[in-house]
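Q: Structure for this input, please:
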Amino acid sequence: AAAGWIDVKYSDKPYSTPFPGGKTWAFVSQTDDARKTANDAYYQTFADHDGKYTIYVTKDFLGTSGIATAADLLNWYNTGNEIGAHSRHHIYSTAYQINYWGHGSAANGYAATDTTTYAAGWDSMRTSLKPDWMYALGDSLGIPRHSRHWAKSMALPGNGWSPWTQVICTQLGYQSVRTG
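A: Next up is the predicted model:
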């Protein structure tokens with residue numbers, strides 16, 4: 001979502017109710033890139049209504065101009081919000097050339113056409129999506145690795161999803177994968 005926008009996702013899956021506090025419905029929200037001013041505003045809006053949301057962060061952006069610091073993430077985490085991964089380098093998954101089913105020149109121009117490119121793309125995507133940097137950051141902040149609200153979800157940069165990205169994210173231990 002662009003700065004200043006809230007990304008709303010809908011689900012038609014059944015949920016067990018009631019939700020915590022006896023509520024019978026839920027509003028799900030997420031932001032990506034961990035933009036400081038936007039998330040400070042979102043945090044306050046959600047806190048005013050006893051709500052929580054997910055903030056996705058990219059390692060290469062963390063602490064740069066306009067982006068949250070580790071201390072900001074810890075503050076939002078400590079108030080009950082989820083902090084998820086948005087990759088190490090924010091490379092759109094289509095760049096890895098493994099995003100679509102099929103092989104050869106007819107594969108929509110994206111899928112790797114040879115084994116070497118495919119293997120390199122797979123390894124590069126695994127490296128970029130790997131949550132180890134988030135666990136190391138969490139360790140330095142005193143966040144337990146078993147926390148359900150730290151590094152358990154992935155928002156794929158550029159909204160690129162495919163069966164291959166789902167396989168990689170599952171192998172890396174993410175409990176949920178979203179585009180965003």
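Q: Quick check: the gap between residue 57 and residue 149.
A: 13 Å (CB to CB, to the nearest Å). Just so you know, the C-beta spots here come from the backbone N, C-alpha and C atoms, and that holds for glycine as well.
Q: intersection of neighbour lists for these two?
A: Residues within reach of residue 57 and of residue 149 at once, by CB atoms under 8 Å, 6 or more residues apart in numbering, are residue 83.
Q: More neighbours: those two, which one.
A: residue 57 (28 against 17; other CB atoms under 10 Å).
Q: what sits against the more buried one?
A: For residue 57, the contact set (CB under 8 Å, 6+ apart) comprises 33, 34, 68, 73, 83, 84, 85, 86, 134.
Q: Kindly recompute the last result at 10 Å.
A: Residue 57 makes contact with 31-35, 39, 67-68, 70, 72-73, 76, 83-87, 133-134, 137, 151, 155, according to CB atoms under 10 Å, 6 or more residues apart in numbering.
Q: Strands - which of those land there?
A: 31, 83, 84, 85, 151, 155 (DSSP state E).
Q: out of those, which one sits closest to residue 52?
A: The closest of these to residue 52 turns out to be residue 83 (CB to CB; 11.2 Å).
Q: Just the C-alphas of the helix or strand hosting residue 41, formatted as CSV.
A: Assigned by DSSP states H and E, residue 41 belongs to helix 36-48. Taking C-alpha atoms only, helix 36-48 is exported to CSV below (Å, rounded to 0.1, in the frame of the first residue of the first chain):
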residue,chain,number,x,y,z
LYS,A,36,7.4,5.5,10.7
THR,A,37,4.9,8.4,10.5
ALA,A,38,2.2,6.3,8.8
ASN,A,39,2.5,3.5,11.4
ASP,A,40,2.5,6.0,14.3
ALA,A,41,-0.8,7.3,13.0
TYR,A,42,-2.2,3.8,12.3
TYR,A,43,-1.1,2.7,15.8
GLN,A,44,-2.9,5.5,17.5
THR,A,45,-6.1,4.9,15.4
PHE,A,46,-6.1,1.2,16.1
ALA,A,47,-5.2,1.7,19.8
ASP,A,48,-8.2,4.1,20.2
